[in-house]
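Enquirer: Prediction below, plus the sequence it came from.
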Amino acid sequence: MKLSHAQISFKSSGTPVADDFSDVYFLDAHGCAETDYVFIEQNDLLNRWLQFELSDSISANVFVIAETGFGSGLNFFQTLHHYSQLLEQGHTLPRLYFLSTEKFPMTMADLQQSIAVYPHLSKWVDELLPQYPMALTGCHRMHLWNGLVTLDLWLGDIHDTLPQWLNEHDGLVDAWFLDGFAPSRNPDMWNEALFTQLARLSKPNGTLSTFTAASIVKRGLVKAGYKLTKTKGFRYKREMILATFTELAIRQPTQQQHSIPYYARPAQPLLKHVTILGGGIAAGCLAYLLTQQGIEVTVHCKDAALAQGASGNDLGGFYPQLNAQASIASQVHAASFVYARRFYDALLSQGAEFGHAWCGVLQVGFNDKVQQRQQNLIDQQVWPADLIQGVSASQASEIAQVELPYPALFIEQGGWISPPQLVKAMFALAQQTGLCQINTQSTLSTDVITNLTSDPSQAVIYATGAESARLAIPALPYRLVRGQVERALASTQSTNLQTVLCHKGYFTPAVDGIHALGSTYVKDDVNCEYRHSEAQLNLAMHQQSLVACPWIQAMPLPTSGRAAIRCSTPDHLPLVGAVPDVQQQLIDFNQLYQAKPAHTYPQAKNFKGQYVLTGLGSRGLTTAPLMAQLLVSQLLGLPIPVTQTVANALNPNRFLIRDGIRRLSYLDRFTAS
Ligand SMILES: Cc1cc2nc3c(=O)[nH]c(=O)nc-3n(C[C@H](O)[C@H](O)[C@H](O)COP(=O)(O)OP(=O)(O)OC[C@H]3O[C@@H](n4cnc5c(N)ncnc54)[C@H](O)[C@@H]3O)c2cc1C
Ligand SMILES: C[S@@+](CC[C@H](N)C(=O)[O-])C[C@H]1O[C@@H](n2cnc3c(N)ncnc32)[C@H](O)[C@@H]1O
């Protein structure tokens, strides 16, 4: 959902002030010194990093700092400054995850101006700004310093965001920077719910420091399980708080602070090697992200070459599917889209080459009903304009550079991508690490997989697209839908099209004189031959939808194209996570309708070491990168980049859990056919 930016004034010294709170973001001329004293020194970060005992486990080699109130990012940049100095001195350090929260994000310009008074930080600001998120609630994951530093910026009210952080293990945070406007100026933030969350998320013996010594903070932290140490405050301040989390009792399951056991996401801390079955976008994203983490990957792709399945179409539209309400599905799409755009830009900056254009996408209001729906989306103001905005018919024509007499929704950061080129580029980057081996015309039998995954250093991921339904991934509800995309010769008029148009189908700008016209939907048909009859239907669908566009009416019938099978699910969301032991889970969770407290149920039983990433449906270009990032983070026991609600909504066992809650028969409903 959309957030408001902070209203900032700048003092003559250059220090930013939040108008709504009448408080400064940092002290005049002493911002960095205050960060150093209050947060970096009191949490003893430099020594803790230097003395960090690196182990065999990736998750154990990570140091997690979490902050309340990202603001100008000064604390983050200054932390990075110290961290990078140690690295440059040749020290081996744990990788850094910096998780921050912000309800009123600064605009990029305000952030830049705020930090300009500290030129030694400009290098980090320059690295962050191209990735800096739009004002959209949720987690925005960014990578800096060649991936050694991950910034998860959680936008939204802290009382909404912190409860959504997944804490599957024994705590998440090594050191809290408890920053914020003074408690007297922002009492809504500093309350018991906040202190409870800090404790829920803290690692045993995790530390916390804060500039304030307000008694409400002291009392709240003690009650939440922190042991306080009285410390001299920065400069003229008499006192500040330094605290250590010692009270483990606070995190007993009865406190209902853990994630829900039936949606548990198992990690494999000893993971060294992952076998991926697949050769499409899902497999490519996984291979790239896993090798970036130093994990060895072996890919088995059953086809003679990569990207022969759904990811083999020449061109695909890149855009999210958003509704007027921030439904879970819309949240998944919005979060996936902004992450994917950052992910693709990062690939490009690493030298990856794949056909694409960030030319924007116009969702055309091609009839009254669609126009009403679009107007509703605009009126609700749920999404930031830099994600999606309404445009008039004349603006739409201006953007498209062809006659388009319809109002539309414009997704400026969208465009088109060549999926097969993208897939190959991701695998090429994975191979460049020396950690990725690819076998085509190859697969593994169930016995080999079972044998392999008995070793905790091994995992197998099914990224097998529509084939998943045929494999031994047990009893998950797949929906297979054939689709055909046409290769349509550009005409003198259509060649001017400068943006992707979508309505019932999509129409890309011409690339090498050819438009992609997508696509047909034929349920439960798994044949992939090209059909002239579908080409007719496809063109007719475009011509009927955009009936007022003469240039489309003049398009000749395409004579070539490509068909493939989409793998979707009943709720149109991907399947991302451990492969559930359906038989066992049906026994364990068949009485969920009794609505007992969640913690009284056992952890979900899954097939050890086996995971799935499929069900990308008709928007794989949008969802695959974040879904892969989620699965890789889960597997390695790293902070999860989506809300708990979204993670649960993607869990492959969600259908059986929901049926348990509603007292329905999962097996009859989803696996009978
Ligand atoms: C007609 C059509 C148009 C589309 N248009 C768009 C669009 O415009 N925008 C968009 O974002 N998305 C679009 N999609 C959806 C998108 O293409 C898919 O979501 C995405 O490609 C799915 O990727 P995947 O990796 O999950 O599956 P796939 O690309 O199908 O890959 C599955 C891979 O698994 C391998 N495999 C299967 N079984 C085994 C096995 N047993 N062992 C080893 N390997 C195996 C296959 O060889 C294949 O390489 C479209 C899809 C279709 C069909
Ligand atoms: C003192 S500033 C933080 C300074 C920041 N750490 C820096 O380095 O610039 C406090 C921040 O908390 C944010 N904030 C205030 N109330 C909040 C809430 N309820 N949830 C999340 N963030 C909040 C403010 O918008 C502001 O950016």
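Expert: Everything's here; your move. Ligands and ions are numbered 1, 2, ... in the order given.
Enquirer: Tell me the pLDDT of the residue lying closest to Asp157 once chain neighbours are set aside.
Expert: Closest residue to Asp157 apart from its sequence neighbours, by Cβ to Cβ, 6 or more residues apart in numbering: Lys103 at 4.9 Å. Glycine gets a C-beta too; all of them are placed from N, C-alpha and C. Predicted confidence (pLDDT) for Lys103: 98.
Enquirer: begin at 23 from here
Expert: Yes, from this point I'll number from 23; that puts the last item at Lys125.
Enquirer: How many residues are close by Lys125?
Expert: 21 (other Cβ atoms under 10 Å).
Enquirer: dump the residue contacts of it.
Expert: Leu25, Leu177, Gly178, Asp179, Ile180 (Cβ atoms under 8 Å, 6 or more residues apart in numbering).
Enquirer: can you check Pro288 too?
Expert: Applying Cβ under 8 Å, 6+ apart, the residues near Pro288 are Glu190, Ala600, Asn628, Gln656.
Enquirer: Output those of the residues you listed also counted as contacts of ligand 1.
Expert: By Cβ under 6 Å from any ligand atom, no member of those lies near ligand 1.
Enquirer: how much space is there between the closest residue to Glu214 other than its chain neighbours and ligand 2?
Expert: In this structure, Glu214 finds its nearest non-sequential neighbour in Gly242, 5.7 Å apart by Cβ to Cβ, 6+ apart. Distance from Gly242 to ligand 2, counting by Cβ to the nearest ligand atom, to the nearest Å: 15 Å.
Enquirer: a helix runs through Gly242, doesn't it?
Expert: Yes - according to DSSP: H, G, I helix; E, B strand; the rest coil, Gly242 belongs to a helix.
Enquirer: burial measure for it, as a count.
Expert: Neighbour count of Gly242, defined by other Cβ under 10 Å: 21.
Enquirer: Was I right to think it contacts Ala221?
Expert: No - in this structure Gly242 lies outside contact range of Ala221 using Cβ atoms under 8 Å: 9.7 Å.
Enquirer: tell me the contacts of Gln315?
Expert: Gln315 neighbours (Cβ under 8 Å, 6+ apart): Ile80, Val654, Leu658.
Enquirer: Please identify the helix or strand for the nearest residue to Leu184 once chain neighbours are set aside.
Expert: Nearest residue to Leu184, sequence neighbours excluded (Cβ to Cβ, 6+ apart): Gln219, at 3.9 Å. Gln219 belongs to helix 214-223 when elements are defined using DSSP states H and E.
Enquirer: That helix - contacts with which helices or strands?
Expert: If contacts are counted by 3 or more Cβ pairs under 8 Å, 6 or more residues apart in numbering; DSSP states H and E, helix 214-223 sits against helix 180-183, strand 195-200, helix 237-246, strand 248-253.
Enquirer: Now do Ile483, the pLDDT please.
Expert: Note for Ile483: predicted pLDDT of 98.
Enquirer: Pro496 now?
Expert: Value for Pro496, per-residue pLDDT: 66.
Enquirer: Next one: Ala221 from Phe120, what distance?
Expert: 20 Å (Cβ to Cβ, to the nearest Å).
Enquirer: Return the set of buried residues in stretch 90-104.
Expert: The neighbour-count check on stretch 90-104 (16 or more other Cβ atoms under 10 Å) flags 90-103 as buried.
Enquirer: In strands, which of these appear?
Expert: Members of the buried residues of stretch 90-104 lying in strands (criterion: DSSP state E): Thr90.
Enquirer: Dump the buried residues of stretch 90-104 to a markdown table, plus pLDDT.
Expert: Shown next, in a markdown table, are those (pLDDT from 0 to 100):
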| residue | pLDDT |
| --- | --- |
| Thr90 | 98 |
| Gly91 | 97 |
| Phe92 | 98 |
| Gly93 | 98 |
| Ser94 | 98 |
| Gly95 | 98 |
| Leu96 | 98 |
| Asn97 | 98 |
| Phe98 | 98 |
| Phe99 | 98 |
| Gln100 | 98 |
| Thr101 | 98 |
| Leu102 | 97 |
| His103 | 97 |
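Enquirer: Could you report the distance from Met211 to Gly202?
Expert: 6 Å.
Enquirer: what residues are shared contacts of the two?
Expert: Residues touching both Met211 and Gly202 by Cβ under 8 Å, 6+ apart: Thr90, Gly91.
Enquirer: These two: which is more packed in?
Expert: Legend: neighbour count by other Cβ under 10 Å for Met211 and Gly202, higher for Gly202 (23 against 19).
Enquirer: Now for that one: which residues touch it?
Expert: Thr90, Gly91, Asn208, Met211, Trp212, Thr232, Thr234.
Enquirer: and what of Asp66?
Expert: Neighbour list for Asp66: Thr229 [criterion: Cβ under 8 Å, 6+ apart].
Enquirer: Below-threshold pLDDT in the stretch 273-422 of the chain: ranges please.
Expert: 273-280 (pLDDT under 70).
Enquirer: What segments of it are helices?
Expert: Assigned helices in the stretch 273-422 of the chain, in chain order: 303-314, 350-371, 390-402, 415-422 (criterion: DSSP state H, counting those that start in this stretch).
Enquirer: for the ones you listed, which one sits closest to Pro580?
Expert: Pro580 sits nearest to helix 415-422 of all the helices of the stretch 273-422 of the chain, at 20.2 Å, using Cβ to Cβ.
Enquirer: which helices and strands sit right next to that closest one?
Expert: When contacts are defined as 3+ Cβ pairs under 8 Å, 6+ apart, helix 415-422 sits against strand 383-386, strand 430-433.
Enquirer: Could you rerun that using 10 Å?
Expert: When contacts are defined as 3 or more Cβ pairs under 10 Å, 6 or more residues apart in numbering; DSSP states H and E, helix 415-422 packs onto strand 383-386, strand 411-413, strand 430-433, strand 522-524.
Enquirer: thinking again about what came up before, tell me which residues touch the residue nearest to Glu214, please.
Expert: For Gly242, the contact set (Cβ atoms under 10 Å, 6 or more residues apart in numbering) comprises Pro205, Trp212, Asn213, Glu214, Ala215, Leu216, Phe217, Thr218, Leu220, Ala221, Ala236, Tyr248.
Enquirer: partner residues bridging the last one?
Expert: Taking DSSP bridges, one obtains Phe267 as the residues bridged to Tyr248.
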